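Asker: Next one to model:
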Amino acid sequence: MTQKLIPKPLSFTETEGLFTLSKSVRVEGAGMFRTAKAQLEKYIAQMVERDPDAKDDAVGVVEFLESEGMHKEGYELVVTADKITITASTDKGAFYGVVTLAQYAGLLVVKGRVKVPCCRIKDEPRFSWRGWMIDESRHFFGKEEIKRYLDIMAYNKLNIFHWHLTDDQGWRIDIKAYPKLKSVASFRNDTTVGGWKSSKKRGEPHSGCYSQEDIKEVVAYAKALNIDIVPEIGMPAHSRAAMAAYPFLGCREIQSIVPWYFGTPKGVQGSKEDQLRIACAGKESTYEFIFRVIDEVCELFPFGYFHIGGDEAPKAEWKKCPHCQETIAQNGLKDEEALQSYFNNRIGEYLETKGKKIIGWNEILKGEGLSSDTIAQHWEPGKRGIGKTAEWVAKGNKIIMSRHNACYFDMAYAMYPLANTYNFEPVQPFLPEGAEKHILGCEGHIWTEFIENREKLDVQSFPRMLALAEVCWVKAGEKDYKEFLARWELQKTTYKALGINFAEQNVFQPFLLKRPIDLLRWDLCDQHFEVRKNAKLKNKK
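Answerer: Predicted structure coming up:
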């Protein structure tokens, strides 16, 4: 039975006997384990809903026990013929014991009652930061879809949801101090189709913006699943939607629209310089805007981290901007990269007053003088950025590992097969000795430039989410890809029951010789061929 569990537990022993779990089970000793008890009741209710007329003549006990000294997210699950015991030192640990029980007993697919083989499981995670990001700027999915993903994250013991809410192509959170962020910045008149270099349009507008009540609802929903949410408000780059609403944010205060394209394709009206605009770092009005946005966002998100992006910030405008050049001179800054560090530190200092730590993509390490309280998120592929990240860690600073070749799940499987994710080791060779203690954990990303519906969102995400969960949870040297695939086969029944459109093996493990052709096809003209292939494979079954 252990082959069914993902992520794989630290230790598992199957023992003699069966426990009958049904809707009549009695829960004892819940006490401090409120979310764990609520999640158990939720899983049991789902069992009953699937077969409301099932006879139930079995009464068993699930008992929660508190034990000091255990890992704060660790648990022990013991199943005997007459009782299930979940022991933990915290509610989070007990919650993950419940999740393991749900997977082990198949609670999302059984009808009414289930015979659970007796066992003893001891478990705890390797990393505390086990994250998943969805970009809703490029395509807006709405709160019910986000809740669905939060449920699946919890089922895989992921505990951080990184919510990418703003970018060039759309602003997705209502800010009362700046109403045009909703009325203007959340709307674009079209969307690119056909690849990064394409200027072909879909032919329809796209919009969406969460109310503050929506945000509160999702945050509360996540909290019940022991998931913390990190909002990302991109700055100073990736802010053209905001500049379309409030032109004063730019070095050049020009009228613009929310971009409908991704990258800088040929044939787009306007200069390349206009396509690469970023917010001005030299004007006090920019900081006032950001601080007022932060005020409202921090009221909605209680978790102690705030993501500012900070990546892909071209400095051409700053080099010409009198406000930026004056700020460089007045503060004795070396160059425009140092100006971005100055910008980041001012934002970080303000966030500190709100009890938040700042997170940014690893490009923020290019400048000098960055505050050591900053968390760097390493994403760049190949050799790009590794020197700066290594230097940052050598100084004792914290990072999150999200390397492109393992954690960018919007990319085609032809580029990054499932094995890339599963075999990823967060303690990369380029990091200095002792780096693991400075790594908060790992995070996977779904960027949605070319993901506009649930079907494609699911194919790109599953079973990659499960592979990521195991990378985050299981200790180095204890993973086995073939064994993971065997466990995934046993998990499929649950994912089918949940209506999840996961990738089939011929998609997530593409034929090696065909991969270059498929990758070229994806990059130039067709980001959906793997989804169509997946649909054909499912229809054949």
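
Asker: can you list contacts of the lowest-mean-pLDDT helix or strand in the chain?
Answerer: Using mean pLDDT, DSSP states H and E, helix 272-275 stands out as the lowest-scoring helix or strand of the chain, at a mean of 75. Residues from elsewhere that reach helix 272-275 (C-beta atoms under 8 Å, 6 or more residues apart in numbering): 254, 256, 259, 264, 268, 316-317. For the C-beta atoms, the positions are set from N, CA and C on the backbone; glycine is no exception.

Asker: Show me the helices in the stretch 251-400 of the chain, by range?
Answerer: Here the stretch 251-400 of the chain has its helices, by DSSP state H, counting those that start in this stretch, at 272-275, 284-300, 316-320, 322-330, 336-353, 386-394.

Asker: Out of these, name the one with the poorest average pLDDT.
Answerer: For the helices of the stretch 251-400 of the chain, mean pLDDT drops lowest on helix 272-275, to a mean of 75.

Asker: returning to what we had before: out of the helices of the stretch 251-400 of the chain, flag the one nearest residue 123.
Answerer: helix 386-394 (27.8 Å; C-beta to C-beta).

Asker: Show me what counts as buried in the closest one.
Answerer: 386, 388-390, 392-393 (16 or more other C-beta atoms under 10 Å).

Asker: quick revisit: so which of the contacts of helix 272-275 is the most crowded?
Answerer: With neighbours taken as other C-beta atoms under 10 Å, the top of those is residue 259, carrying 24 neighbours.

Asker: Low-confidence bits of the stretch 51-200 of the chain, can you list those?
Answerer: When residues are selected by pLDDT under 70, those of the stretch 51-200 of the chain lie in 51-58.

Asker: again, only using 80
Answerer: 51-59, 112, 195-199 (pLDDT under 80).

Asker: Same question for the stretch 401-541 of the chain.
Answerer: 541.

Asker: Please enumerate the strands of it.
Answerer: 439-446 (DSSP state E, counting those that start in this stretch).

Asker: Which residue ranges of it form helices?
Answerer: Listed in chain order, the helices of the stretch 401-541 of the chain (DSSP H, counting those that start in this stretch) span residues 404-407, 418-422, 454-461, 464-473, 481-497, 505-508, 515-524, 529-540.

Asker: Go through the ones you listed and pick out the most buried.
Answerer: Comparing those by mean neighbour count (mean count of other C-beta atoms under 10 Å), helix 464-473 comes out on top with a mean of 26.

Asker: Contact partners for the nearest residue to residue 389 once chain neighbours are set aside?
Answerer: Among residues not flanking residue 389 along the chain, residue 378 sits closest, at 4.7 Å (C-beta to C-beta, 6 or more residues apart in numbering). By C-beta under 8 Å, 6+ apart, the contact set of residue 378 is 362, 385-386, 389, 399-403.

Asker: Buried ones among the residues you listed?
Answerer: Neighbour counting by 16+ other C-beta under 10 Å classes 362, 385-386, 389, 399-403 among the contacts of residue 378 as buried.

Asker: Assign the residue nearest to residue 452 when sequence neighbours are not counted to helix, strand or coil.
Answerer: In space, and not counting its chain neighbours, residue 452 is closest to residue 139: 4.8 Å by C-beta to C-beta, 6+ apart. Under DSSP: H, G, I helix; E, B strand; the rest coil, the three-state class of residue 139 is coil.

Asker: do you know how far residue 139 is from residue 160?
Answerer: For residue 139, the distance to residue 160 equals 21 Å [C-beta to C-beta, to the nearest Å].

Asker: now residue 511
Answerer: In terms of C-beta to C-beta, residue 511 sits 35 Å off from residue 160.

Asker: do residue 23 as well
Answerer: On the measure of C-beta to C-beta, residue 23 and residue 160 end up 33 Å apart.

Asker: for residue 30, same thing?
Answerer: 25 Å.

Asker: For those two, indicate the residue with more neighbours.
Answerer: Shown here are residue 30 and residue 160; by other C-beta under 10 Å, residue 160 has more neighbours (24 against 18).

Asker: Look up which residues are beta-bridged to that one.
Answerer: residue 131, residue 228 (DSSP bridges).

Asker: what's it in contact with, if anything?
Answerer: 129-132, 227-230, 441, 443.

Asker: redo that, cut-off 7 Å
Answerer: 129-131, 227-228, 230, 443 (C-beta atoms under 7 Å, 6 or more residues apart in numbering).

Asker: Please apply the same query to residue 151.
Answerer: Here residue 151 is in contact with residue 225 (criterion: C-beta under 7 Å, 6+ apart).

Asker: Is it within a helix or a strand, and which one?
Answerer: helix 143-155 (DSSP states H and E).

Asker: How far off centre is that helix?
Answerer: 11 Å (C-alpha atoms, centre = their mean, to the nearest Å).

Asker: Just the buried residues of it, please?
Answerer: Buried, per 16+ other C-beta under 10 Å, within helix 143-155: 143, 146, 148-155.

Asker: what angle separates it from strand 439-446?
Answerer: 140 degrees (axes from the mean of the first three to the mean of the last three C-alpha atoms, to 10 degrees).

Asker: how far away is the nearest residue to residue 387 once chain neighbours are set aside from residue 374?
Answerer: Of all residues not flanking residue 387 in the chain, residue 430 sits nearest, at 7.9 Å (C-beta to C-beta, 6+ apart). Going from residue 430 to residue 374 by C-beta to C-beta gives 20 Å.

Asker: what about the two, which has more around it?
Answerer: Between residue 430 and residue 374, counting by other C-beta under 10 Å, residue 374 is the more crowded of the two (23 against 13).

Asker: Around residue 265, how many other residues sit close by?
Answerer: Neighbour tally, residue 265, other C-beta under 10 Å: 16.

Asker: which residues does it contact?
Answerer: Residue 265 sits next to 197-199 when contact means C-beta under 7 Å, 6+ apart.

Asker: For residue 342, which residues are in contact?
Answerer: Neighbouring residues of residue 342 by C-beta under 7 Å, 6+ apart: 331, 333.

Asker: just residue 268 next, same as before
Answerer: Going by C-beta under 7 Å, 6+ apart, residue 268 touches 199, 261, 275.

Asker: any idea how far it is from residue 19?
Answerer: Counting by C-beta to C-beta, the gap from residue 268 to residue 19 is 63 Å.

Asker: can you check residue 166 too?
Answerer: From residue 166 to residue 19 the distance is 49 Å (C-beta to C-beta).

Asker: swap in residue 158?
Answerer: 28 Å.

Asker: between these two, who's got more neighbours?
Answerer: residue 158 (29 against 22).

Asker: Tell me which stretches of the stretch 1-150 of the chain form strands.
Answerer: According to DSSP E, counting those that start in this stretch, the strands that the stretch 1-150 of the chain contains are 11-22, 26-28, 61-66, 75-79, 83-88, 113-123, 129-135.

Asker: Mind listing residues that contact the last one?
Answerer: So that's strand 129-135. 146, 149, 153, 157-164, 400, 440-448, 465, 469, 472-473.

Asker: how far away is residue 73 from residue 364?
Answerer: Distance from residue 73 to residue 364, by C-beta to C-beta: 29 Å.

Asker: brain fart, residue 526
Answerer: Taking C-beta to C-beta, one finds residue 526 at 34 Å from residue 364.

Asker: Compare these two (neighbour count), which wins?
Answerer: Set residue 526 next to residue 364 and count neighbours by other C-beta under 10 Å: residue 364 wins out with 26 against 16.
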